[in-house]
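[1] Got a predicted structure here, sequence first:
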Amino acid sequence: MNNVSESKRAVALPSWLLQGVTISYILLVVLFALAAAINPHYASWDNIRNLLQIGAFIGVIAVGQTLVIITGQIDLSVPWNLTFSAILMATLISHGTSTPVAIAAALASGTLVGMFNSIGTAIFRIHSLVWTLGTNALMQGATLVYTHAQPPKVDVPPFIRALGAGNLWGIPVPLMVWIVAAIFALVILHQTRFGRYLYAIGNNESALFLSGVDSRKVYLGAYAISGFCAALAGIMLTGYSSQTYLGMGSDYLLVPVAAVIIGGTNIMGGSGGYLGSISGAMIVVLLQSVLSTVQIQEAGKNIIFGSIIIVLLLLYGREKLSTH
Amino acid sequence: MKRRDLLVQAAGGLGSAMLLGALPSMAWADNSACYKAWSGSTKMFSWPHTKKPPYRIALSNSYIGNEWRAEMATIAKMYANRPEVKKLIKDFKISSAGNDVNAQIAQINQMILSGVDAIVLDAASPTGLNSTIERAANAGVLVVSFDNVVTTDKAITINQDQFDMGKRWADFVIKHTGGKGHVLVVRGVAGTFVDQQRYKGGKSVFDKHPDIKTTEVYGNWDNGTAQKVTANAIASGAKFDAVWSEGGDSGVVNAFKQHGLKMPPIAGEAENGFRLAAAKDGFPMMSIGQSAGLVALSMKVALSVLQGEKVPQSIQSPLNIVTNDNLEKGKNYFTGVPDSFFDGVSVPDCGLHFDAKQVYHGID
C-alpha cells in the first residue's frame, strides 16, 4: 500500500480518489449480488469467465483512455483506429505476412494514430473532443478506401484467436492480457515521473509548463499509449470473432469512457486512476450483460444505463466539491 | 449463363430469340414475372416524361460503412457495365451522402440540377426525402427507391418483404422445435423499420405457440455484438433449443462454439460465415437475406420506365430462401470471401445474377 500513499502525495486529491474507487467497487459488488439474486447462474464461474473475457476488451482500451482523461482530454478515435489496425493486420496476414509482423504493424499503426491525436492537443490546441472525433472520421475514410469497404478474407491464425477467445488453465487469455495491461497502467500512473506529469497536466498545465516540463511530450505519450491500446483491443477482437469487419469498433466510442468515469476518474482531468477503471469496465460489462438478457424494452435498457452513469457523475461531483 | 437466363426469359415473351438481335430494346419488354406488385391494392406507375435512350442515371446512396452497401455499390457498377445495359446509359454516377438526411437532400438537388433522367435511391430516412422526391418528379426526374424505401408514391419502391422474412424464420424454428422450447431471439438495431418488421413477423408466429419461450437480445446486425449478447445469454444459464436471428449470425455460431455447446437450429440472415458453418457442421439452418442485387433490379426498372413501360408503383422482390437442402458451394455460399460477406447478390426471379467474388473484389 506504499504505492497508494505515494500517489496521494503526487495527486494531491487523495480522499476523493479513494472515494471514487471505493464507490465504484461497492457498486460493482452490489450490482453483482443483485444480478446473482435474480439469476443464481450469474455467480457461476462460466458466467464470470464470460464477463471477464468481454470486459477485457473494454479494460484494455480503458488503459489508454484513463491516461488521456487524467490529462483532461478524451480519445474518441478508438472505434476506427481499432478497426483500421485490425483490418491492416488481417490484410497483411491474408497476403502471407507472418503473424508477429502483422501484429507489430497493427500496434504501430494504432500508436501512430495516437501520436497524430496529440498534435491537435499539444500543438494546435484544439479540444480533443473535436480533434480525435475528426481523427476517427479520418480513419473511417482511410479504412473504407484501403479496403474498398470490404474487409479481407482471412483465416485468423491460432495465436490471435487465442488472444481473443482462448483459455489457458481455465483462465481466459484476454483476461491475462488485461491483467498485464492493468499492471502496466498502474505502474505508469503511480510509479513513474510520466505518471505524475499526467496528473499535473490535468490539474494545471501552465504550472507544469512553468516548472520546465514539456507538456507536448506528455500528451504525445498519453495518446500514443491510447492508440496502442486501441490496436491491441482490435487484435483481440479479431481473435474473439475470428474475423475482421467494418463495424468492429462501433461499441467502443463511449463505453470505455463510461468505464473510466464510473471508475472515479474525473472527466475534467487531474485525478482518478486505473484501479477504478477496472471496476468501471466490469460494471459496464455486467450492466450490459444483465440488461441484454433481462426482458425489458431496449429503450428501457438505455434509460437504466444512462441513469446509472448520471447518478454516478452526480455522486462523484459532490464528493469533489466537498473536498474543496 | 447470366446472359442466357436473361435471354431465355425475354424469349419466353417474344417467342423468338432471333428478334432480340434486331430489336435490342425489346429485351426490356416482358418483365411481368419480375416486376411483381407489392399487394392487390398497388397502383400502376406510369411516367409522363418517357424518352429515347441513352439515359443519365445516378445512384444516391446514404450510409457507406458496411459490407452490404459496398456490395450494393459494386453490383450497381457491374450492372451498368453489362453490354445490354451499357448501351442504354450515357452516364452513371454513384454518390454516398452518409446517414444524413440533409446531405442526401442536397445531393439529390444537385442531381436534379445536373439533369439526370433517373435517380436510384437507398434513402437515409423513409419520410425525410419525400418533398425532395416530389420536386424531382416535377422536374422530370424519375426516382426509384429500394432497400430503405421512402413513403411517397411519387417514387417507385422496390424491396423484399421483411415481415415475411421474420415469419419464415419463425416457421423454421417451430418446425425444428415442435412448437415448444426456449428460443434465442437476436434482434437488429432497435428502432429501425427493418428490425420492427422482421420482429413482428417472427412474433406473429411465436405468439400462436404458448409453449415457446423467447429471450430477446439486440445484436445490432453485427457479428461481434451478436456474439457478445449471445455469449451473455448462454452464460447466464439459459439453454436454447433454437435461434431466430436478424443478423450477425456467424457471431451467434461462434458464441455457441466457444461455450462448447451443440449447435441448435438457427434461422438467420445471409452472411457467408453462417452458411459456411452450416455446410461444415451440418446443424439445421435457414438463411434468408436482403439481396444487394436489389440495386440492379432498381436500375432495370428505371430503364424500363424511362422507355415507357408501366410497372407497379411498389414492387416486391421474392425472398431467396436457403436451407440445408439447397445449400450449394459457389452458388449460395462461397469460399473466397470473408465471413461478413452477404451472399445475397442476385435476384434470380429477374435473371439478375452476379459473381460473388467479383462483387467482393469490386471494380473500378
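    Sure thing, it's come through. Not measured: the values here are computed from a predicted model.
[2] What parts of the stretch 51-200 of chain B come near chain A?
    B:64-67, B:69-71, B:73, B:187, B:190-191 (C-beta under 8 Å from any C-beta of the partner chain). Using the backbone N, CA and C atoms, a C-beta is placed for each residue, glycine as well.
[3] Kindly spell out which helices and strands sit in contact with the longest helix along chain B.
    In chain B, taking DSSP state H as the definition, the longest helix is helix B:162-177. Packing partners of helix B:162-177 (3 or more C-beta pairs under 8 Å, 6 or more residues apart in numbering or on different chains; DSSP states H and E): helix B:193-206, strand B:212-218, strand B:242-245, strand B:266-268, strand B:285-288.
[4] Might you list the low-confidence residue ranges for chain B?
    Within chain B, the stretches with pLDDT under 70 are B:1-30, B:65, B:364.
[5] State which one residue of it is found closest to chain A.
    residue B:237 (2.8 Å; C-beta to the nearest C-beta).
[6] still on that earlier bit, inside strands: which ones of the residues of the stretch 51-200 of chain B next to chain A?
    Those of those mapping onto strands are residue B:187, per DSSP state E.
[7] Give the burial count for residue 254, as a bare number.
    Just so you know, I chose chain A. 14 (other C-beta atoms under 10 Å in any protein chain shown).
[8] wait, I meant chain B there
    Residues lying near residue B:254 (other C-beta under 10 Å) number 25.
[9] does the residue nearest to it when sequence neighbours are not counted count as helix, strand or coil?
    Among residues not flanking residue B:254 along the chain, residue B:227 sits closest, at 5.1 Å (C-beta to C-beta, 6 or more residues apart in numbering or on different chains). Assigned with DSSP: H, G, I helix; E, B strand; the rest coil, residue B:227 falls in the helix class.
[10] Return the residues in contact with residue B:227.
    A:240-241, B:248, B:251-252, B:254-255 (C-beta atoms under 8 Å, 6 or more residues apart in numbering or on different chains).
[11] Nearest residue to the one residue in the stretch 101-250 of chain A that gets nearest to chain B in space, please, no chain neighbours.
    Closest approach between the stretch 101-250 of chain A and chain B, counting by C-beta to the nearest C-beta: residue A:149, at 3.3 Å. With C-beta to C-beta, 6+ apart as the criterion, residue A:149 has its nearest non-adjacent residue at 3.3 Å, and that residue is residue B:70.
[12] shouldn't the one you found be in contact with residue B:63?
    No - counting by C-beta atoms under 8 Å, residue B:63 is not a contact partner of residue B:70; they are 10.5 Å apart.
[13] could you check whether the helix or strand hosting residue A:60 is close to chain B?
    Element membership of residue A:60, judged by DSSP states H and E, is helix A:45-70. Yes - Helix A:45-70 is in contact with chain B by C-beta under 8 Å from any C-beta, via A:46-47, A:49-51, A:53-54.
[14] can you list those residues in JSON lines and add pLDDT and neighbour count?
    Output for the residues of helix A:45-70 next to chain B, formatted as JSON lines (pLDDT from 0 to 100; neighbours: other C-beta atoms under 10 Å in any protein chain shown):
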{"residue": "A:46", "pLDDT": "87", "neighbour count": "12"}
{"residue": "A:47", "pLDDT": "90", "neighbour count": "23"}
{"residue": "A:49", "pLDDT": "91", "neighbour count": "16"}
{"residue": "A:50", "pLDDT": "91", "neighbour count": "23"}
{"residue": "A:51", "pLDDT": "93", "neighbour count": "25"}
{"residue": "A:53", "pLDDT": "93", "neighbour count": "26"}
{"residue": "A:54", "pLDDT": "93", "neighbour count": "27"}
